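Asker: Here is a sequence with its predicted model. Questions after.
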Amino acid sequence: MKAIMVMYDSLNRAMLEPYGCDWIKTPNFRRLAERAVTFDCNYVGSMPCMPARRELHTGRYNFQHRSWGPLEPFDDSMPEILKKNGIYTHISTDHNHYWEDGGATYHTRYSSFEFSRGQEGDPWKVYPEALQAERTKQQYPALNYHDQINRRYIDCEEKMPQAVTFQAGLEFLENNHEEDNFFLQIETFDPHEPFFTQPEYKMAFAHAYDGPMGDWPPYYFVTEGEGSVNHMRMEYAALITMCDRYLGKVLDVMDKYNMWEDTMLIVNTDHGFLLGEHGWWSKSIMPFYEEIARTPLFIYDPRSRVCGERRSALTQTIDLPATLLEFFGLKLPEDMQGRPLRPVIERDEKIHDYVLFGSHEGHCNLTDGTWVYMKAPLENMEENMAMDYYDYTLMPTHMRERFSPEELKDIQLQEPFSFTKGCRTMKIKVTAQTMTNPANFGTKLFHLPTDPKQEHSLEDAEKETQLANEMIRMMGEDDCPKEWYERFGFVKGGIVTKEDILRLRKGEREDRVPEHYKNLDWEQGAVNMYLTVKRFLPEDAFSQTEKLLEAAVKDGKVTIPVIMEWITRIFPKEQLPMIQYFTLLCGRTA
């Protein structure tokens with residue numbers, strides 16, 4: 001038996017014809033849907049890139065114990081389990097995070113690997129301006145320097161990292177298609193930003209545009225207008241058609257050698273992407289709406305040969321390693337939370353009642369495919385930030401650098417979790433703050449059948465109580481640390497009542513308003529901005545500026561324009577752009 005995984009990054013399901021897109025032609029995704037099972041209710045687990053890939057190896061949640069980082073010494077890695085049991089594993093990828101500090105233990109779990117250079121800001125090619133920037137310490141993003149330099153070298157489609165990655169994977173199949181017992185992972189960074197393509201692809205989506213945006217959307221909310229949103233969608237669409245073309249090359253090889261007889265094919269992604277939906281770009285700062293969290297998934301299993309059908313059962317990234325191990329007849333590790341998808345493929349059998357998803361720094365989310373519950377963390381009102389949380393790890397690295405000595409000075413040793421094989425881990429307080437406080441968005445509840453675009457968050461205390469208790473139950477199954485429960489207003493091993501939920505909701509609205517301003521009518525976004533400004537100023541200076549705020553208030557209402565007027569009065573002109581940038585970002589409530 002053989003298996004192939006074709007994995008994309010940041011693939012939005014709404015941009016594919018099998019999921020209803022009617023303006024981007026994706027004939028090979030359509031062809032794939034005719035040969036495989038299409039999953040309609042597949043969700044992410046841990047966000048974003050490397051947390052998702054840890055789940056792809058281990059089949060268990062990452063985000064409730066740790067942020068971005070490598071595989072841990074106690075982790076069970078699916079490709080490594082295959083390798084140790086006589087299944088040859090090979091990865092061909094252009095995903096440069098595997099070669100950074102925060103991903104350095106993943107690719108070596110495979111029997112062999114190939115890396116195609118040049119995606120995003122890969123520090124690869126060097127031209128004089130990069131040397132000059134380093135020498136003069138210019139404060140420009142190094143990633144953008146390398147991206148622009150790399151593009152000079154990538155001057156034709158054959159040199160595009162995606163093309164090189166797929167060609168290496170296709171070469172593996174040409175050389176080894178007659179062999180048995182192998183797993184090939186072809187993983188491209190596309191269609192992750194920047195949406196860099198050759199002119200042929202862009203011409204298919206030619207459009208009039210004279211705005212400032214290129215092909216790299218910011219991690220921010222949309223301020224550029226509908227013309228820029230349309231432009232960025234066209235750039236993304238061009239890259240989608242390239243992804244579709246190279247998917248077709250894999251299908252061609254499977255047809256050529258009739259690999260459908262004995263080869264499982266999985267086509268998946270780590271998460272989706274926002275292109276103006278909900279007024280946002282990207283995927284990391286805002287709540288994880290459906291465009292991010294519900295992802296495309298296609299699987300062909302040669303044992304049942306079910307094809308051209310759709311499945312509605314709830315599934316998740318953590319199920320993929322379990323599916324591959326079961327396919328090759330191997331026992332699943334005891335710690336694996338995912339479940340093999342064979343019963344879903346064959347008869348749409350339910351394997352999950354609920355799944356969790358989220359990031360270490362943000363909301364904890366739960367869904368049954370009908371309801372989506374996004375539980376916001378509580379806020380430490382003294383420090384005006386989300387409550388304390390910790391990384392539990394033996395591999396203290398961030399995305400591109402090691403933990404600093406300052407971060408490691410006060411580490412504690414944590415007693416073993418149920419999945420650490422008797423190992424104690426480091427318990428490291430998270431000191432680096434995210435761009436925005438997730439408490440700003442508040443808790444959200446959506447009913448997807450009546451609100452598929454998640455435009456109207458509901459307040460239904462009874463339903464929220466039910467879902468909160470399911471969340472607590474699943475936290476217990478994941479052996480979450482005590483403070484993780486506290487961060488969301490829960491008690492480890494306990495239950496919440498309707499009264500608890502009403503109290504927590506009331507706290508989100510009222511407790512964040514300063515006590516001496518309770519008599520004013522505050523917009524939620526204005527509260528967020530006020531608390532953000534408080535973070536920028538020393539306490540004495542801040543208290544003095546409040547008189548200017550009071551002068552700006554009209555009719556007892558504190559609105560976002562009122563806060564913006566206040567900001568212009570209290571900060572020097574040279575600081576205003578930065579202050580306005582962050583306060584507007586933090587003013588978002590959705």
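Answerer: Nice, thanks for sending it over. Quick caveat: nothing in here was measured; it's all calculated off a predicted structure. Numbers count the residues shown, from 1 in each chain.
Asker: All the helices of the stretch 1-150 of the chain, residue numbers only.
Answerer: For the stretch 1-150 of the chain, the helices defined by DSSP state H, counting those that start in this stretch cover 27-35, 49-58, 78-84, 128-136, 142-153.
Asker: Sort out which residues of the helix or strand encompassing Lys534 are buried, please.
Answerer: In this assignment (DSSP states H and E), Lys534 forms part of helix 524-536. Counting neighbours by 16 or more other Cβ atoms under 10 Å, one finds that the buried residues in helix 524-536 are 524-533, 536. Just so you know, the C-beta spots here come from the backbone N, C-alpha and C atoms, and that holds for glycine as well.
Asker: Beyond that helix, next helix or strand please.
Answerer: helix 539-552.
Asker: per-residue confidence averaged over that following helix?
Answerer: Here helix 539-552 scores 85 as its mean pLDDT.
Asker: Where does pLDDT dip in the stretch 51-200 of the chain?
Answerer: 137-143 (pLDDT under 70).
Asker: One more pass at 90, please.
Answerer: Flagging of the stretch 51-200 of the chain using pLDDT under 90 yields the residue ranges 121, 126-146, 148.
Asker: That one: strands as residue ranges?
Answerer: Assigned by DSSP state E, counting those that start in this stretch, the stretch 51-200 of the chain shows strands spanning 88-93, 112-115, 182-187.
Asker: List just the one of those that sits closest to Cys41.
Answerer: strand 182-187 (23.4 Å; Cβ to Cβ).
Asker: so how far is that closest one off the chain centroid?
Answerer: Relative to its chain's centre, strand 182-187 lies at 22 Å (Cα atoms, centre = their mean, to the nearest Å).
Asker: Only C-alpha atoms, please: export it in CSV.
Answerer: Provided in CSV are the C-alpha atoms of strand 182-187 (Å, rounded to 0.1, in the frame of the first residue of the first chain):
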residue,chain,number,x,y,z
PHE,A,182,5.9,4.4,0.9
PHE,A,183,4.4,7.7,2.0
LEU,A,184,5.1,10.8,-0.1
GLN,A,185,4.2,14.3,1.2
ILE,A,186,4.3,17.0,-1.4
GLU,A,187,3.8,20.2,0.5
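Asker: Could you save the strands of the stretch 51-200 of the chain as JSON lines and add columns showing mean neighbour count and distance to Pro194?
Answerer: Shown next, in JSON lines, are these (neighbours: other Cβ atoms under 10 Å; distance: least, Cβ to Cβ, whole Å):
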{"stretch": "strand 88-93", "mean neighbour count": "23", "distance to Pro194": "18"}
{"stretch": "strand 112-115", "mean neighbour count": "17", "distance to Pro194": "19"}
{"stretch": "strand 182-187", "mean neighbour count": "24", "distance to Pro194": "18"}
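Asker: of all those, which lies closest to Arg402?
Answerer: Counting by Cβ to Cβ, Arg402 lies closest to strand 112-115 out of the strands of the stretch 51-200 of the chain; the figure is 21.2 Å.
Asker: Paired strands for the closest one, with orientation please.
Answerer: Using DSSP bridges, strand 112-115 pairs in its sheet with strand 88-93 (parallel).
Asker: Taking their axis directions, the partner strand and strand 182-187 sit at what angle?
Answerer: On the basis of axes from the mean of the first three to the mean of the last three Cα atoms, to 10 degrees, strand 88-93 is oriented at 10 degrees to strand 182-187.
Asker: Quick one: residues in contact with strand 88-93.
Answerer: Identification of contacts with strand 88-93 by Cβ atoms under 8 Å, 6 or more residues apart in numbering yields 79-80, 82-83, 107, 109-116, 165-166, 168-169, 172, 179, 181-189.
Asker: Repeat the analysis, applying 7 Å as the threshold.
Answerer: 79, 82-83, 107, 110-115, 165, 168-169, 172, 181-187 (Cβ atoms under 7 Å, 6 or more residues apart in numbering).
Asker: CA atoms only for it, dumped as CSV, please.
Answerer: Extracted C-alpha coordinates of strand 88-93, given in CSV (Å, rounded to 0.1, in the frame of the first residue of the first chain):
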residue,chain,number,x,y,z
TYR,A,88,9.5,4.7,3.4
THR,A,89,8.6,8.4,4.1
HIS,A,90,9.7,11.3,1.9
ILE,A,91,8.7,15.0,2.0
SER,A,92,9.2,17.5,-0.8
THR,A,93,8.5,21.0,0.4
